[in-house]
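**Student:** Structure for the following, please:
(one chain, ligands or ions: 1)
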Amino acid sequence: MIYKKLKPFPQDFLWGASTSAYQVEGANLEDGKGPSVQDVKKVPEGTSDLTVCADHYHHYKEDIALMAEMGFKVYRFSISWSRIIPEGVGAVNPKGIEFYNNIIDECIKHNIIPLVTMFHFDLPAALDAKGGWSRRESIDEFVNFAKVMYENFGDRVKYWLTINEQNVLTLMGEVIGTSNIKSSNPKKEAYQQNHHMLVAQAKAMALCHEMIPGAKIGPAPNISLTYAASCKPEDVIASQNFNAIRNWLYLDMAVYGKYNNIVWAYLENLDATPDIEPGDMEILASGKPDFIGFNYYSTATVEYSDGSEVNEKGGDQQKAMGEPGVVKAAANPNLQKTQFGWEIDPVGFRSTLREIYSRYRLPLIITENGLGAYDKLTEDGKIHDPYRIEYLRKHIEQIQLAITDGVEVMGYCPWSAIDLISTHEGMVKRYGFIYVNRDEFDLKDLARYRKDSFYWYKKVIVSNGEDLTD
Ligand code: BGP
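**Tutor:** Coordinates of the predicted model:
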């Protein structure tokens, strides 16, 4: 559709950016924090561990002041479960509560709305050692953690996100260092963990509404539309399979409390349906999100699988895509790639926004979107990152087109506010508007520098998305 005129961004549009605790904070065992699975995992070779990261724990004031300078309306960060409750259950760590109180107060001081992710890939190691999400008890453990957060922060935090990328946890746990699958039917165990997370999420959403008047809460999966590699009808079926497995299962559950029928049939076929206890479906139906948060990096492309191929692993984003007899990963010749091989698809962003909205009719907030690159600090203290500006500009243009399409978009939080450690590609894969002066292993002085994209994003925000020029 070529429009004569585009609709503007809403006046109260939430411009901001995101981080996650285990990737940005550092101080990973300081002030009573217990280890999380991220602290005990074997980090990918050649990449930094997570002990210092961007040292946001000690630099949060400076960092939030820089976010305020960019004009952020919202800051999305996550709370580390094991900083608050070191063993996952039981004693609460007062220093952990104090740290997040400080972050929240600092945001409020600068008129930045705190948007809190409750759980971002960092299950307390003590719970993981007991079997993590595979156990039924994990539901109550998470709900207890939610209750502690609501009690301590609910007076000031009115926007909550439940679980970051539950679909990635389920489909690619081994890549992000969270997999804890022991059974002889790994698929069933993965979907049992997923079921426990879904029930926990529904309970946490209901509890949020009960405990915090006026609070809004939603899920935060990674959603991106899957294309069919051709108009062959069989390829379209394959794309529907993958859309259901990768995307709709999670949102159908969060919004409607129902298992997606295509995914259920797929799991039945593999003897991998999760065990559902009496009452679970009622709980699932009772958790009502107020909005949908989602992370978007790129689309996927698939084709029909006749079941005969050897499962080929594609690029990072495509690792979980191939599954003989279900779906076969395909390349998309129409897309360029980042320095790290991730496909770039701004138009796919618009179609993803349209698709989510037409399925669920809830306001949307983009909780991650961005470009990882090898940024360079020049001798005069500059970081020229035109590639990031171009990536973000093209995606923001597509948000405006989606808004013109009638999609209700309430905010945009690119990944990431500040440089941090990538999920599995280390410190050299930088995403931030703010440069952190450290290398993979050399911590240098951890000084902060404004990248070119910092100044650019500031202009975007002050013009409420009207001025996207350099
Ligand atoms: C998402 C995660 C983030 C972040 C981002 C970029 O999947 O929610 O935690 O890491 O991807 O990925 P990467 O760090 O692998 O480049």
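
**Student:** which helices and strands sit right next to the host helix or strand of Gly348?
**Tutor:** Following DSSP states H and E, one finds Gly348 within helix 346-360. Helix 346-360 sits against helix 249-251, strand 292-295, strand 364-368, helix 386-404, with contacts defined as 3 or more Cβ pairs under 8 Å, 6 or more residues apart in numbering; DSSP states H and E. The C-beta positions use only the backbone N, C-alpha and C, and glycine is treated the same way.

**Student:** residues of it that come out buried?
**Tutor:** Of the residues in helix 346-360, 346, 348-357, 360 count as buried by neighbour count, 16 or more other Cβ atoms under 10 Å.

**Student:** With stretch 426-440 instead?
**Tutor:** Buried residues in stretch 426-440 (16+ other Cβ under 10 Å): 426-436, 438.

**Student:** Run the contact check for that stretch versus the ligand.
**Tutor:** Yes. Counting by Cβ under 6 Å from any ligand atom, the ligand has neighbours in stretch 426-440: Lys429.

**Student:** how long is that stretch from one end to the other?
**Tutor:** 7 Å (Cα to Cα, to the nearest Å).

**Student:** could you give the mean pLDDT of that stretch?
**Tutor:** What stretch 426-440 shows for mean pLDDT is 98.

**Student:** Is Leu353 in contact with Val409, as I believe?
**Tutor:** Yes. If you go by Cβ atoms under 8 Å, Leu353 and Val409 touch, sitting 6.7 Å apart.

**Student:** what's the overlap in contacts for the two?
**Tutor:** Common neighbours of Leu353 and Val409, using Cβ atoms under 8 Å, 6 or more residues apart in numbering, are 364, 399, 402.

**Student:** Turn these into JSON lines, including distance to the ligand and neighbour count.
**Tutor:** As requested, these are exported to JSON lines (distance: Cβ to the nearest ligand atom, whole Å; neighbours: other Cβ atoms under 10 Å):
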{"residue": "Leu364", "distance to the ligand": "17", "neighbour count": "24"}
{"residue": "Ile399", "distance to the ligand": "19", "neighbour count": "23"}
{"residue": "Ala402", "distance to the ligand": "21", "neighbour count": "22"}
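
**Student:** for the ligand, what are the nearby residues on the stretch 51-200 of the chain?
**Tutor:** Residues of the stretch 51-200 of the chain lying near the ligand (Cβ under 6 Å from any ligand atom): 164-165, 168.

**Student:** I'd like the residues you listed as JSON lines, with distance to Gly372 and neighbour count appended.
**Tutor:** As requested, these are exported to JSON lines (distance: Cβ to Cβ, whole Å; neighbours: other Cβ atoms under 10 Å):
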{"residue": "Asn164", "distance to Gly372": "17", "neighbour count": "25"}
{"residue": "Glu165", "distance to Gly372": "16", "neighbour count": "25"}
{"residue": "Val168", "distance to Gly372": "16", "neighbour count": "22"}
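
**Student:** If we only consider these, which is nearest to Cys208?
**Tutor:** Proximity of those to Cys208 was ranked by Cβ to Cβ; the top entry is Asn164 with 16.2 Å.

**Student:** Could you check the pLDDT of that closest one?
**Tutor:** 98.
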